[in-house]
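Trainee: I would like to see how this sequence folds:
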Amino acid sequence: MKPEGSSESSPRTLPDSFPDIVYLAWARLHRPRANLIQTLHTVDSLVQEGLRVRLYLPPWSRRVSLPVLLRDSGVSEQLDVRGSLLLHRRWGGVPFIRWHRGMLGAARAVYTRIPALSLALARAGLVNHLEIHDVDWLASAGMLDAVVIAHQKGLIRQLLPISGAAYDALLQHGAVANRMHLAPSGVDVDAYAQVPEFNPASLARPRLVYIGRISRDRGLGIFEALAATGRYEVSLVGPQDDAPAAGLHVRAPVPHSQVPGLYGETDIALMPYQSDLGHVASISPIKLFEAMAAGRPVLASDLPPLREVIRHGENGLLVSAADPQAWIDAIERLRADPALAQRLAAQGRADANRYSWRARARGIVTALGL
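Mentor: Numbers count the residues shown, from 1 in each chain. Model prediction:
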């Protein structure tokens, strides 16, 4: 591993061989949000598939210990992660592309989840692959047409939407079906294998949990209504965008590697995403797969992207997003039928294997022809 922090290596005299995959991202190491976690696990899993992957990010503060951050994220401390001043988003990636054109052209694949970087690469005549997270945002930012045109020309060779909803939207907009690959987010199933099995006896007073950003558009109103009943212990773990009302147990974010342990202390996982959440039309939340892998009954908003994963009454329950009483009724249904709760938990845990990071990486490798 050779983290460069704020330094640049020469494009003409690289001391080691070119990587198989160059992954370009704008995630910041001092802000370990879901986009960074997803990127790191994707890179780690590609490496486990036998590929040499080099991840470039904007520079990070020297106060950030890269090995510690990688360990806390649940990935290998040996990932090849490099910082580049030229990759700062204010320049749109153009200086980086010009300086590292030789490496980018020699790599077997250039991969990114940043549309602006993908388009900059395409304008420079460099074939790349783009992971798509939010089609609605692409359209509102005025980039959807450009992305699809570059894709049709083969400059953006593969489009990799993270949900079926995003796949369908791209297809309707003119994307080439045989050069798209559906790549939902994933989970480290091995890390969750040690979480104790769900105990139906806990439903007498269930401990409800939500892990992620705390905001109104992620269901804060639902959590408040559940806590107000006095029947449940409701815990929220994550950074606060909106202040919750009294009655909720709120914990600060924890390193991603500690999330499995949190599920071991809880009984039912809640995913009450609201219809006004910005990227909800094509969401593929890591936390959904993690709750399933932890073997906890999952209650999720009845929204199209979540229906792709949760089969109502089989591996979870789908609930009307903005109706607090519907969430109360769903919890009471599980309390009245512990056998159902146990079946949902077991099936969810089994289904999570399909969404492992390794399975995701294998699909990407095949799609990219590596």
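
Trainee: quick one: contacts of stretch 56-73?
Mentor: Applying CB atoms under 8 Å, 6 or more residues apart in numbering, the set of residues contacting stretch 56-73 from outside is 1, 3, 5-6, 22-30, 32, 36-37, 40-41, 76-77, 79, 81-85, 87-89, 96, 255-258. (Glycine included, C-beta is placed from N, CA and C.)

Trainee: what helix or strand does Met292 sit in?
Mentor: In this assignment (DSSP states H and E), Met292 forms part of helix 286-293.

Trainee: repeat for Pro67
Mentor: Using DSSP H and E, Pro67 maps to helix 66-72.

Trainee: buried sites along that helix?
Mentor: Within helix 66-72, the residues scored as buried using 16 or more other CB atoms under 10 Å are 66, 69-70, 72.

Trainee: and if you look at stretch 336-355?
Mentor: Using 16+ other CB under 10 Å as the test for burial, stretch 336-355 gives 338, 341-342, 344-345, 347-349, 351-352, 355.

Trainee: assumed Leu299 was part of a helix.
Mentor: No. Residue state for Leu299 (DSSP: H, G, I helix; E, B strand; the rest coil) corresponds to strand; a helix is not indicated.

Trainee: and it, how many residues sit next to it?
Mentor: Neighbour count of Leu299, defined by other CB atoms under 10 Å: 25.

Trainee: check Gly142 too.
Mentor: 8.

Trainee: again, but for the one 3 residues further on
Mentor: Counted with other CB under 10 Å, the burial measure for Asp145 works out to 12 neighbours.

Trainee: please, which helix or strand holds it?
Mentor: helix 144-152.

Trainee: which parts of that helix are buried?
Mentor: Buried residues in helix 144-152, counting neighbours by 16+ other CB under 10 Å, are found at 144, 146-148, 150-151.

Trainee: make CSV from those and add pLDDT and distance to Gln48 to it.
Mentor: Listed next are the buried residues of helix 144-152 as CSV, based on pLDDT from 0 to 100; distance: CB to CB, whole Å:
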residue, pLDDT, distance to Gln48
Leu144, 97, 33
Ala146, 98, 34
Val147, 98, 29
Val148, 98, 32
Ala150, 98, 30
His151, 98, 28
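
Trainee: between those residues, which sits nearest Leu51?
Mentor: His151 (22.9 Å; CB to CB).

Trainee: could you measure from that closest one over to Glu49?
Mentor: Taking CB to CB, to the nearest Å as the measure, His151 falls 24 Å from Glu49.

Trainee: now swap in Asp329 and tell me
Mentor: Asp329 is 44 Å from Glu49, by CB to CB.

Trainee: cool, and Leu86?
Mentor: 28 Å.

Trainee: which one of the two has more residues nearby?
Mentor: Using other CB under 10 Å as the criterion, Leu86 and Glu49 rank with Leu86 on top: 17 against 14.

Trainee: so that one sits in a strand?
Mentor: No. Leu86 is assigned helix when assessed by three-state DSSP, not a strand.

Trainee: isn't it right up against Arg101?
Mentor: No. Using CB atoms under 8 Å, Leu86 makes no contact with Arg101, being 11.7 Å away.

Trainee: got the buried residues of helix 144-152 as a markdown table, with distance to Gly164 columns?
Mentor: Output for the buried residues of helix 144-152, formatted as a markdown table (distance: CB to CB, whole Å):
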| residue | distance to Gly164 |
| --- | --- |
| Leu144 | 18 |
| Ala146 | 23 |
| Val147 | 18 |
| Val148 | 18 |
| Ala150 | 23 |
| His151 | 18 |
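
Trainee: of those residues, closest to Glu224?
Mentor: Distances from Glu224 to those, taken by CB to CB, are shortest for Leu144, at 36.3 Å.

Trainee: which helix or strand contains the closest residue in space to the closest one that isn't next to it in sequence?
Mentor: Take Leu144 and drop its neighbours on the chain: the residue closest to it by CB to CB, 6 or more residues apart in numbering is Leu138, 4.2 Å away. Per DSSP H and E, Leu138 falls inside helix 135-140.

Trainee: contact partners of that helix?
Mentor: 115, 132, 144, 147, 161, 165-166, 169-170, 173, 278-279, 281-282.

Trainee: quick one: mean pLDDT over it.
Mentor: Mean pLDDT, computed over helix 135-140, is 94.
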